[in-house]
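*Asks:* the following block contains a protein sequence and its predicted model.
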Amino acid sequence: MARGDSVATRVQRRLGRWIRIGRTPDLLPSEARYVVLTNIVALLGVTFTLGFAPVLILSAAPLYPALQVAYALAYLPTLWLNHRGRPIAATTWLLLGSHVLVMSQVLVEGVGFDVHLFFMLHTVLPFLLFPPRHTRRMVAIAALAGVDLVVVAALADRLPQLGPAIAPERLAILRPILLGGLFATLAACAHYARRATLIAEAALDRAHQRSEELLLNILPPTIADRLKRSDGTIADGFADVTVLFADIVGFTTMSARLAPARVVELLNDLFCTFDDLAGRFGLEKIKTIGDCYMVAGGLPEPRPDHAEAVAAMGLAMLDVVRDFGARLGEPLDVRIGIHSGPVVAGVIGKRKFIYDMWGDTVNTASRMESHGLPGTIQVSAACRHLLDGKFTLVARGPVEIKGKGRMETWILEAAAPA
C-alpha cells in the first residue's frame, strides 16, 4: 500500500479485494461476474444490516439491535465459500440464508415493519446471481420467495409477533429507512448487472469485429458476404481473368543454411511486400504454396485492365525480390509466369476454406512460371495479345510445355514508353 494514500483510497482498495474474493485467474469471465455480484450482495447485506442496528435503538427494544448484528454475521459464510472455490454453494447460502433471516424478522418484529417486502428482492436475485445452467435452482428459490411473500401478505393480521412491539410513531421512521435499503440493494444489483452486460456486449462486439477482419483477410469482401448469407457452395465463372504465379529462385538453397524460424521470417517479409503490391494494383491474392505466390486480376469483380494490372505487379515483384536479395547478400531471384483466359473461382469445403480458382487458365499460368527463366516474366500468347502496345515484350520462341506441347511465349520486360 503506497504511503500518502487517502483513507478513501485505502478503503476502496480493500473493498475491491473483498468483492473479488473467489475470482481466480482460471475462472471464465462469464462465471467470474456471478462470483463478484454474489460478493457485492453479501457485502451490501452486511453493511445494511449493521447500519440498521443503531437505527433500531429507536424501537426501544435492545433485542432488535443485537439481532441485527447476528443477522449481519450470517452473510459472512458467503464470502468464505467463494474463497474456497464453491460459488454455487456461496450463492445458495446467501439466498436461502437471507430468506430465513427475513422470515425470522417477520416473526420477531412483525409485519408492520414491512421487512417481508425483501422477499421481492429474493424473487429477482436468483436470476442475477446464478449462471444460466442452474435454471432449476434459481426458479425454485425465486418461487419460494414469491410464495412466502404472498403467504405473509395474506396472513398479515394473523401472524404472531414474537418480539416486543414497536410504537407506531417509531415504525413511521424505521419503515422508510428499511424501504430505502431495499431500493438501494435493487438499484446496486441492477447497475452491476447492466454494467456487466455492457462490458460483455463490448467484448462481443470486439470479437465480432476481429472475426470479420480475419474473414476479410482470407476472402474477398463480396465472397465473405455471400458465404455469411448462404451455406451452399460458391462457384462463379469468369471469362476474362489474368493469373500470375511467382516462384522464389534460390530460396530453397538459402533456407537449407538458415534456421527454420529465420526462413519463415524472411518468406513472410517478402510475401507481405507482395501482398502490399496486390493491394496497390487492386488484385486478388489467391494463395501461397511453399515459396510460390499466386495472384489474379479480373475477379471477384471483373475489370477490363486485368492483364495490365497483373503485368505491372509482376514487374514490381522483380524489383522487390532483387532488392530483397541484395539486402540479404544472397543470390535471390524470382521466376514469374502469366496467362489470361476463363476460370472458375469460388469456395468449397467446410474447414480451412480459401477463395480458389480452377481451370486450364490456372494450369497454363503455372506452366508459364515453371518453364520460365529466373529473373524474367514469361507470358502466354493470350496474355501477350492483351498487353500488346502497352508493354515491351520480347518473343522467346516456341517452348516445350509439359502437358501442353510447344507454345509460343514472350518475355515481359517493361511498360511501353509513354
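*Replies:* Ah, there it is.
*Asks:* ok, the residue nearest to Ala72 when sequence neighbours are not counted - contacts?
*Replies:* Leaving out its chain neighbours, the residue that sits closest to Ala72 by C-beta to C-beta, 6 or more residues apart in numbering is Thr49, at 4.1 Å. All C-beta atoms are positioned from the backbone trio N, CA, C, and that covers glycine. Applying C-beta atoms under 8 Å, 6 or more residues apart in numbering to Thr49 gives the contacts Gln68, Tyr71, Ala72, Tyr75.
*Asks:* return the subset of those lying in strands.
*Replies:* Among the contacts of Thr49, no residue falls in strands (DSSP state E).
*Asks:* among those, which one sits closest to Arg23?
*Replies:* Closest approach between these and Arg23, by C-beta to C-beta: Tyr75, at 18.1 Å.
*Asks:* for Ile21, grab the count of nearby residues.
*Replies:* Neighbours of Ile21 under the rule other C-beta atoms under 10 Å: 21.
*Asks:* mind checking the SS state of it?
*Replies:* Of the three states, Ile21 takes coil according to DSSP: H, G, I helix; E, B strand; the rest coil.
*Asks:* gap between it and Leu96?
*Replies:* 20 Å (C-beta to C-beta, to the nearest Å).
*Asks:* still on that earlier bit, got the phi and psi for the residue nearest to Ala72?
*Replies:* With angles defined as degrees, to the nearest 10, Thr49 sits at phi -70, psi -50.
*Asks:* assign a three-state SS to Arg351, would you?
*Replies:* From three-state DSSP, the assignment for Arg351 is coil.
*Asks:* tell me the predicted confidence for it.
*Replies:* For Arg351, the model assigns a pLDDT of 74.
*Asks:* and it, its phi and psi?
*Replies:* Note on Arg351: backbone dihedrals following degrees, to the nearest 10 are phi -130, psi 140.
*Asks:* give the burial count for it, as a bare number.
*Replies:* 4.
*Asks:* can you give the domain ranges for this structure?
*Replies:* Here the domain parsing of the chain from automatic domain parsing is 7-212, 221-415.
*Asks:* compare those domains and say which comes out lowest on pLDDT.
*Replies:* domain 7-212 (a mean of 81).
*Asks:* show me where this protein has strands.
*Replies:* Ranges of strands within the chain are 234-249, 284-289, 292-297, 333-347, 356-358, 377-379, 391-401, 405-415, based on DSSP E.
*Asks:* can I get the CA coordinates of the fourth one in PDB?
*Replies:* Coordinates of the C-alpha atoms in strand 333-347 are reproduced here as PDB (Å, rounded to 0.1, in the frame of the first residue of the first chain):
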ATOM      1  CA  ASP A 333      15.600 -14.100 -57.800                       C
ATOM      2  CA  VAL A 334      12.100 -14.800 -58.900                       C
ATOM      3  CA  ARG A 335      10.600 -16.700 -61.900                       C
ATOM      4  CA  ILE A 336       7.100 -15.400 -62.900                       C
ATOM      5  CA  GLY A 337       4.600 -16.800 -65.400                       C
ATOM      6  CA  ILE A 338       1.300 -15.100 -66.600                       C
ATOM      7  CA  HIS A 339      -1.600 -16.400 -68.600                       C
ATOM      8  CA  SER A 340      -5.000 -14.900 -69.400                       C
ATOM      9  CA  GLY A 341      -8.300 -16.700 -70.000                       C
ATOM     10  CA  PRO A 342     -11.500 -18.100 -68.400                       C
ATOM     11  CA  VAL A 343     -11.600 -19.600 -64.900                       C
ATOM     12  CA  VAL A 344     -14.000 -20.900 -62.300                       C
ATOM     13  CA  ALA A 345     -13.500 -19.400 -58.900                       C
ATOM     14  CA  GLY A 346     -15.200 -20.000 -55.600                       C
ATOM     15  CA  VAL A 347     -15.100 -21.500 -52.100                       C
END
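*Asks:* show me what counts as buried in that strand.
*Replies:* By neighbour count with 16 or more other C-beta atoms under 10 Å, strand 333-347 contains the buried residues 333-341, 343, 345-347.
*Asks:* any chance of the residues you listed in CSV, plus distance to Trp358?
*Replies:* CSV is the format used below for the buried residues of strand 333-347 (distance: C-beta to C-beta, whole Å):
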residue, distance to Trp358
Asp333, 29
Val334, 25
Arg335, 23
Ile336, 21
Gly337, 17
Ile338, 18
His339, 14
Ser340, 16
Gly341, 12
Val343, 7
Ala345, 8
Gly346, 8
Val347, 12
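*Asks:* now, which of these sits nearest Val100?
*Replies:* Closest to Val100, out of all of the buried residues of strand 333-347 and judged by C-beta to C-beta, is Val347, at 60.8 Å.
*Asks:* leaving out sequence neighbours, find the closest residue to that closest one.
*Replies:* Nearest one to Val347, counting by C-beta to C-beta, 6+ apart, is Ile234 at 4.5 Å.
*Asks:* so the one you found versus Gly290, what's the distance?
*Replies:* 26 Å.
*Asks:* same thing with Arg322?
*Replies:* Arg322 is 21 Å from Gly290, where distance means C-beta to C-beta.
*Asks:* more neighbours: the two, which one.
*Replies:* Arg322 (14 against 10).
*Asks:* give me every residue that touches the nearest residue to Phe127 once chain neighbours are set aside.
*Replies:* Leaving out its chain neighbours, the residue that sits closest to Phe127 by C-beta to C-beta, 6+ apart is Met138, at 5.5 Å. Going by C-beta under 8 Å, 6+ apart, Met138 touches Pro126, Phe127, Leu129, Phe130.
*Asks:* can you pull the contacts of Arg396?
*Replies:* Here Arg396 is in contact with Gln378, Thr409, Trp410, Ile411 (C-beta under 8 Å, 6+ apart).
*Asks:* isn't the last one up against Gly397?
*Replies:* No - applying C-beta atoms under 8 Å, one finds Ile411 not in contact with Gly397, separated by 10.2 Å.
*Asks:* neighbour-wise, which of these two wins?
*Replies:* Ile411 (16 against 9).
*Asks:* tell me the bridge partners for that one.
*Replies:* Ile411 has these beta-bridge partners by DSSP bridges: Gln378, Val394.
*Asks:* and it, how far is that from Ala256?
*Replies:* Relative to Ala256, and taking C-beta to C-beta, Ile411 is found at 30 Å.
*Asks:* what does Trp93 give?
*Replies:* Remark: distance between Trp93 and Ala256 (C-beta to C-beta) = 66 Å.
*Asks:* ok, these two, which is more surrounded?
*Replies:* Higher neighbour count among Trp93 and Ala256: Trp93, with 20 against 8, using other C-beta under 10 Å.
*Asks:* which ones are touching that one?
*Replies:* Pro77, Thr78, Leu81.
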